[in-house]
Structures are given as C-alpha cells and as structure tokens.
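K.L.:
sequence? don't have it. structure:
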C-alpha cells in the first residue's frame, strides 16, 4: 500500500489521476474503520489533510460553497444560519470527536445510504451541486444525479470532491433521525425537510430507507400544489391534519427500505411517515411565525 | 514509512509504519505512549481520544501518515513533568470516577477540552461533550461528579489568579 501526501490541490488531482484506485482520506471516520477491520485494503491512501482550502467555505449570500473537508463541528458553529438543515444533520453525526474530523465530502465520497448529510442536501433543493474535479477539469454534478447505488456515487475514478454548493436557506429547514440513542448512532432512518418560499417549492430527503438517499418526489409535488392552490404561502394559515397526514403517507410510499440489524422495513416506513409529519409541522409553524412577524 | 511528529511537546519518530496504521497504534506500540486505550477501533468508544493540533479526535481513526509534522497531545501530556496529576486527572481520582480505568484516558482528554472551551459547563453540556466516551463500569454519575469538580476547581483557580 502507498501513502500519498499531496501538499496542494493540483498535486492531489495529479496523484488521483496517476492512482485512480487510491482511496481518499480526510477525517478518516469511515476509511479508518475499514482499515482497522481489514474490510478494505486499497492500493493506496490519498491523504487530503494538508490541502487547507478543502477545510474552508465561502458564501455570496445566495450559495454556500462548502469545502469538502470542513468538519461537521464547524458546520454547526459557523453555518447554522445559511444551512440550518445541514447543521441540524451535522449535529446528529457520531460524537464531538467524530464531528471534529468527519465532513460532508466524506459522506458524499462514501455514499452510504445512511450518511446523515444526504437528506439535508436533497431537501436543500435541486440546485445543490457536488463540485468534482480531476486533471481533466471541473464539473458540477447535481445532487439528484450523484447517488447511484449502495456506496456508489457519480464520481469518475480520477475525480476528487472539491466542494459542495448549497443554496442559502430561504425558509425553515428541519432534520430528523431515528436511532437507539442520541449520540453515536447510524441512522435507522432519517428525513430532511425544507420550505423554499421564494420559488414556492419544498424539499425532502430520505436517508437509510432505500439503496440510495432519495427525494420523496410525489410528496414534494403534492405539498407544492396544496400550498399554491390554497394560497398558503401568502396566508400562512394552518395546513390542517389531512394535508400533513397525506404528506407523511407519500413520504412513506417513496421509501423502499429493507429489514436489517438496525430495524425492519415496516418500522422504517412507519417512522418516516412520523418524521415527515413532524418536520413539516415544525417548519410550517416557523414559517407562519416568520410571515406574521414580517406583517 | 517513517512518521515524525510532536507528542506531548517532544519530537518523536516512528519507523516501518504500515500505511494503513492508525495514530493510536503508533502511539501505543511504537513511541511508548500506551495511555490512550484501544477498545473499539471504530470511533464508538472514545477511549483513544487525543488532541491533534489542539482538537480532540479518536486516534484510532487518524491514519498515522496524516500526523506527519503535526502536534499530538495524549493523556500522558495532561500531567506535570514530575508525574504530578493534572487538574482534571486529580478530580477524577478525588470523585472516584475511575473503576477499571479503560475509558478514563479518553474521558480525561475530552473533559480537558470541554473545560478549556467552557470552564462552567451545564450538566447537559457535559453529557453532550462526553457522549462519545463510553464507560461500562461506573454508570457515569461519578464521572459527572468528576467533571463538575474539575470545573469548580478550574473556576476557583481562575479567581485566585
């Protein structure tokens, strides 16, 4: 095994081009578990810790460009304003020690259906892009095209994740996750939800209940239609139990979970409907408060 | 490969390090610092917690090659030069927060980090800070006592200054 330690991003891209099977490591919270248990022995490890710009983020008020290696602890501390859903999801990752090392880039690279970032990224909208780069150039992969299968993503073998571009929240966002305790839990299932009042849409993300993280498309469309037809964005009236229930049912229907050590498929479906109802209610209550205080 | 870094303020060097080896293994088996404990090797238990450039991390999840040229501080670095116990260590002894002792090194480092950023944490803050450190003996109550004691002593030490 080789240990590659590029000092710059260009060196990292050159190393990945030369060693396409090299496994990138940053926080190591996934990679080292596989190494310690000898689950996976790559031909080379590509350490990204020396590339300081990967741990930086920038924003222009509309979009946050989140460096692939910004640790979850800093997302919670520095980005809970512009990226509230992702910050909430980040808070449920592992423990303080894990959050000091783990990052969204790692979650995307591993592409586990149970990664905590994914539901929040999906819920943040369709304009979330993974910035993938190689010696051949840079491209933006829409989040809806990124997750291809269990632990498979849309990266080419010579590509590395440079950053993720996420629209700044224009409405309330929530994240909910089921586990046996609060800390150190791999999600039994998780749900991210966001209201996007500017374009009158809503965002959803289902975690740990399908081969990939996925959006509940019909649930989004249903709610978008109801909010528009009934003028609810403007009035801020209550949604009513029937809308909330129907939304939960559609989220549940969008999942295709399996029975495994963490829970049964039936439990996951049930829990998703509950989480969908709760996160919708929390967000809508926050939105109503916002428009009332603005009025 | 060879890895050189700073451990508790002193330069250390390890040779013949396997590329997939963890910082924890290097500390325990190659540079004579067995204070950090090896329990789960998957970041679940916190027994191997050390400071890496001032940030508490699970040393079992850091690849040895990643610490090249960086600063590591382990539980051994919390005490004085003469072997005198540090404030957090003494509080754990005084509160009886140590039974088998396997989780203790990680709890000490994590508590040290907590009190450095917040000398007067609430019980909720303490539980949150220690949520990644598992103890299978004491049931955590004595550990909570120890952190509260360390907090009180940290604050009174600051008043005396």
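P.N.:
Done, it's in. Remember, predicted model here, so these are calculated numbers, not experimental data.
K.L.:
quick one: residue A:292 and residue A:235 touch, right?
P.N.:
No. Here residue A:292 lies out of contact with residue A:235, judged by Cβ atoms under 8 Å, at a distance of 10.7 Å. Just so you know, the C-beta spots here come from the backbone N, C-alpha and C atoms, and that holds for glycine as well.
K.L.:
can you tell me, leaving aside adjacent residues, what's nearest to residue A:27?
P.N.:
residue A:101 (3.4 Å; Cβ to Cβ, 6 or more residues apart in numbering or on different chains).
K.L.:
phi, psi for residue 101 please.
P.N.:
No chain was given, so I picked chain A. The phi/psi pair for residue A:101 (degrees, to the nearest 10) reads phi -120, psi -40.
K.L.:
state the distance from it to residue A:94.
P.N.:
In this structure, residue A:101 and residue A:94 are 9 Å apart, going by Cβ to Cβ, to the nearest Å.
K.L.:
these two: who's more crowded?
P.N.:
Remark: of residue A:101 and residue A:94, residue A:101 carries more neighbours, 27 against 23, as counted by other Cβ atoms under 10 Å in any protein chain shown.
K.L.:
contacting residues for that one?
P.N.:
A:26-29, A:71, B:57-58, B:61-62 (Cβ atoms under 8 Å, 6 or more residues apart in numbering or on different chains).
K.L.:
out of those, who's nearest residue A:51?
P.N.:
Nearest to residue A:51 among those is residue A:26, at 9.0 Å by Cβ to Cβ.
K.L.:
roughly how far does that closest one sit from residue A:116?
P.N.:
Distance from residue A:26 to residue A:116, by Cβ to Cβ: 16 Å.
K.L.:
the two: who's more crowded?
P.N.:
Neighbour count, other Cβ under 10 Å: between residue A:26 and residue A:116, residue A:116 has more, with 29 against 26.
K.L.:
so what pLDDT did that one get?
P.N.:
For residue A:116, the model assigns a pLDDT of 97.
K.L.:
what does residue A:184 give?
P.N.:
At residue A:184, the pLDDT recorded in the model is 87.
K.L.:
that one: which element?
P.N.:
In the assignment (DSSP states H and E), residue A:184 maps to no helix and no strand.
K.L.:
distance of it from chain B?
P.N.:
Residue A:184 is 6 Å from chain B, where distance means Cβ to the nearest Cβ, to the nearest Å.
K.L.:
who's in contact with that residue?
P.N.:
A:94-95, A:98, B:44, B:131-132.
K.L.:
ok, 7 Å please
P.N.:
A:94-95, B:44, B:131-132 (Cβ atoms under 7 Å, 6 or more residues apart in numbering or on different chains).
K.L.:
same check, this time on residue A:131
P.N.:
A:138, A:140, A:162-165.
K.L.:
show me which of these are buried.
P.N.:
Buried by 16 or more other Cβ atoms under 10 Å in any protein chain shown: A:162-165, out of those.
K.L.:
picking that back up, list residues touching both of residue A:101 and residue A:94?
P.N.:
residue A:29.
K.L.:
look at residue A:58 and report its pLDDT.
P.N.:
98.
K.L.:
what kind of secondary structure is it in?
P.N.:
Under the three-state scheme (DSSP: H, G, I helix; E, B strand; the rest coil), residue A:58 adopts strand.
K.L.:
so who does it touch?
P.N.:
Contacts of residue A:58 (Cβ under 7 Å, 6+ apart): residue A:65.
K.L.:
for it, name its beta-bridge partners.
P.N.:
residue A:65 (DSSP bridges).
K.L.:
just the strands in chain A please.
P.N.:
A:2-4, A:23-25, A:44-47, A:57-59, A:63-67, A:129-134, A:137-142, A:147-149, A:152-153, A:160-167, A:173-178, A:189-196, A:201-207 (DSSP state E).
K.L.:
looking at chain B, which residue is nearest chain A?
P.N.:
Chain A sits closest to residue B:132 of chain B, with a gap of 2.1 Å, by Cβ to the nearest Cβ.
K.L.:
okay, now that residue: neighbour count?
P.N.:
24.
K.L.:
same thing with residue A:240?
P.N.:
Neighbour number of residue A:240 under other Cβ under 10 Å is 12.
K.L.:
can you tell me which helix in the chain is longest?
P.N.:
Let's take chain A. helix A:265-294 (DSSP state H).
K.L.:
you answered for a different chain; I wanted chain B.
P.N.:
Chain B, longest helix under DSSP H: helix B:141-160.
K.L.:
so which bits of that one are buried?
P.N.:
Taking 16+ other Cβ under 10 Å as the criterion, helix B:141-160 shows B:142-151, B:153-154 as buried.
K.L.:
that one vs chain A: in contact?
P.N.:
No. Judged by Cβ under 7 Å from any Cβ of the partner chain, helix B:141-160 stays clear of chain A, getting no closer than 13.8 Å.
K.L.:
which strands and helices sit next to that helix?
P.N.:
Helix B:141-160 is packed against helix B:87-95, helix B:104-117, helix B:123-129, with contacts defined by 3 or more Cβ pairs under 7 Å, 6 or more residues apart in numbering or on different chains; DSSP states H and E.
K.L.:
ok, the spatially closest residue to residue B:112 that is not a sequence neighbour - how many residues close by?
P.N.:
On the basis of Cβ to Cβ, 6+ apart, the spatially nearest residue to residue B:112 that is not a chain neighbour turns out to be residue B:88, at 5.0 Å. Using other Cβ under 10 Å, the number of residues around residue B:88 comes to 27.
K.L.:
any idea how far residue B:88 lies from residue A:139?
P.N.:
Residue B:88 is 49 Å from residue A:139, by Cβ to Cβ.
K.L.:
now do the contacts for the residue nearest to the spatial centre of chain B.
P.N.:
Among the residues of chain B, the one closest to the centroid is residue B:109, at 2.7 Å (Cα atoms, centre = their mean). For residue B:109, the contacting residues are B:49-51, B:56, B:75, by Cβ under 7 Å, 6+ apart.
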